[in-house]
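A.B. asks: got a predicted model here, sequence first, then my questions.
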Amino acid sequence: MTGPKTEIRPGASAVVRGDRESSISAELAELLRTGPFEAALRTAIRSSRLSLERIQHRLRARGTPVSITALSYWQSGRRRPERPDSLLALQQLESVLGVPEGALSALLGPPRPRGRTRQASSDAPPLSAFWADNESAVELLTRIDTSHDSKLTRLSHHDVVHVDDQGELRKIRTRKLIRAECNGADRWIIMFDGASSSETPPIIRPIRSCRLGQVLTDHARDMVVAELLFDRALARGETILIEYEIIEPPTGLNEDDHSFCRVFRLPVRQYVIELQFDPAHPPRKCESYVGDSSGQEVEQPKSLAVDRYGRTHAVALDFGMGVFGVRWDPDAPASPAPQQPSPAPRA
């Protein structure tokens with residue numbers, strides 16, 4: 001028994017006959033014929049009038065779960081389905097969106113190179129791209145060697161964020177596992193915006209396999225750029241585990257927006273953010289959130305449960321480019337004071 005046949009002609013609508021009927025606009029029909037994949041998927045999602053949350057729910061019900069982040073990346077072109085489970089989910093996605101069977105899959109083409117042959121620098125914007133409208137940030141970056149940053153693969157990244165009894169962020173302890181994709185990589189770049197309103201910059205304390213190099217600060221723009229120099233230059237394929245702390249100077253009861261986030265310019269295989277609150281003053285509410293490279297949130301926030309020791313955590317796998325962060329409501333309202341932005345380090 002053969003399935004329903006469909007013919008898609010440029011400039012016309014296509015109709016799939018079978019258990020269900022769905023009309024396809026001329027625009028979508030043309031994109032399904034010519035591609036590219038991300039444009040066809042984006043138009044199919046828009047035409048379906050389904051939110052990413054509803055699509056995720058329907059795929060999960062069919063036994064092929066896909067995260068909202070992955071769906072967002074697929075339709076933006078940042079990533080595409082390549083693994084067997086993703087390709088199976090794509091088949092179900094075609095049904096959910098009401099497009100002909102195999103129409104989206106046919107636009108994928110051959111798999112992209114993976115592993116060490118896939119250079120992270122090929123698709124990544126330069127470091128300065130995140131501060132294109134901030135002349136001070138761009139100027140600070142010109143004074144530091146960033147030539148190897150795009151050739152360091154982010155394998156894992158673990159942040160431990162310490163929050164005091166007033167709900168204020170006081171210390172960040174960071175551990176990173178990095179692999180060099182070329183010879184000679186010898187440093188990691190730290191960058192903060194909105195790091196502090198104080199004239200005293202944050203205290204950066206190297207702990208493992210690195211030492212502090214240049215620290216450049218623009219107090220007017222609340223910008224801090226710093227180098228963590230490795231103990232020695234890495235060879236291609238070599239990994240290094242570095243660890244450091246960033247201690248904020250006391251600024252009093254100041255932030256109405258209690259949050260911490262990382263902006264990932266390059267993908268990281270595993271990101272863990274752990275929060276340590278004062279056990280006697282746990283937050284009234286705590287949640288994680290995900291945003292695109294512009295900071296626009298792309299999925300519903302997820303509530304985080306805080307245990308009796310004041311601890312909670314959130315995890316992101318194969319994440320980036322984009323923003324991953326947490327925010328919380330303090331146990332007791334802070335005294336009124338001018339609002340300041342939370343630290344937004346770049347990874």
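C.D. replies: Arrived safely.
A.B. asks: so where do the strands sit in the stretch 201-347 of the chain?
C.D. replies: Secondary structure of the stretch 201-347 of the chain by DSSP state E, counting those that start in this stretch: the strands cover 203-208, 210-218, 223-230, 239-247, 259-264, 268-276, 285-291, 302-303, 311-319, 322-329.
A.B. asks: right, and these - which one's nearest P100?
C.D. replies: With Cβ to Cβ as the measure, strand 311-319 is the member of these nearest P100 (29.4 Å). C-beta here means a position set from N, CA and C on the backbone, and glycine is covered the same way.
A.B. asks: packing partners of the closest one?
C.D. replies: strand 268-276, strand 285-291, strand 322-329 (3 or more Cβ pairs under 8 Å, 6 or more residues apart in numbering; DSSP states H and E).
A.B. asks: tell me the spacing between the residue nearest to V99 when sequence neighbours are not counted and Q296.
C.D. replies: Distance criterion Cβ to Cβ, 6 or more residues apart in numbering; nearest residue to V99, sequence neighbours excluded, is A44 at 5.3 Å. The spacing between A44 and Q296, counted by Cβ to Cβ, to the nearest Å, is 21 Å.
A.B. asks: tell me the domain ranges of the protein?
C.D. replies: 21-107, 120-329 (automatic domain parsing).
A.B. asks: now those in CSV, with mean pLDDT and mean neighbour count?
C.D. replies: Listed next are these as CSV, based on pLDDT from 0 to 100; neighbours: other Cβ atoms under 10 Å:
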stretch, mean pLDDT, mean neighbour count
domain 21-107, 86, 18
domain 120-329, 83, 17
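A.B. asks: ranges for the helices of the stretch 51-200 of the chain?
C.D. replies: Ranges of helices in the stretch 51-200 of the chain, per DSSP state H, counting those that start in this stretch, are 52-61, 68-76, 84-97, 135-142.
A.B. asks: nearest to F37 among these would be which one?
C.D. replies: helix 68-76 (7.9 Å).
A.B. asks: wouldn't L87 be in contact with W74 here?
C.D. replies: No - if you go by Cβ atoms under 8 Å, L87 and W74 don't touch, sitting 11.7 Å apart.
A.B. asks: hey, what's in contact with both of these two?
C.D. replies: P81 (Cβ atoms under 8 Å, 6 or more residues apart in numbering).
A.B. asks: turn the helices of the stretch 51-200 of the chain into TSV, columns for distance to T34.
C.D. replies: What follows is the helices of the stretch 51-200 of the chain, written out as TSV (distance: least, Cβ to Cβ, whole Å):
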stretch	distance to T34
helix 52-61	23
helix 68-76	17
helix 84-97	17
helix 135-142	38
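A.B. asks: identify whichever of those helices lies nearest to R262.
C.D. replies: Proximity to R262 (Cβ to Cβ) singles out helix 68-76 among those, at 14.2 Å.
A.B. asks: before we move on, the earlier item: tell me which of the strands of the stretch 201-347 of the chain approaches Q91 most closely.
C.D. replies: Across the strands of the stretch 201-347 of the chain, closest to Q91 is strand 311-319 (Cβ to Cβ), at 21.0 Å.
A.B. asks: residues in contact with the closest one?
C.D. replies: 69, 264, 267-277, 286, 288, 290, 302, 304-306, 324, 326.
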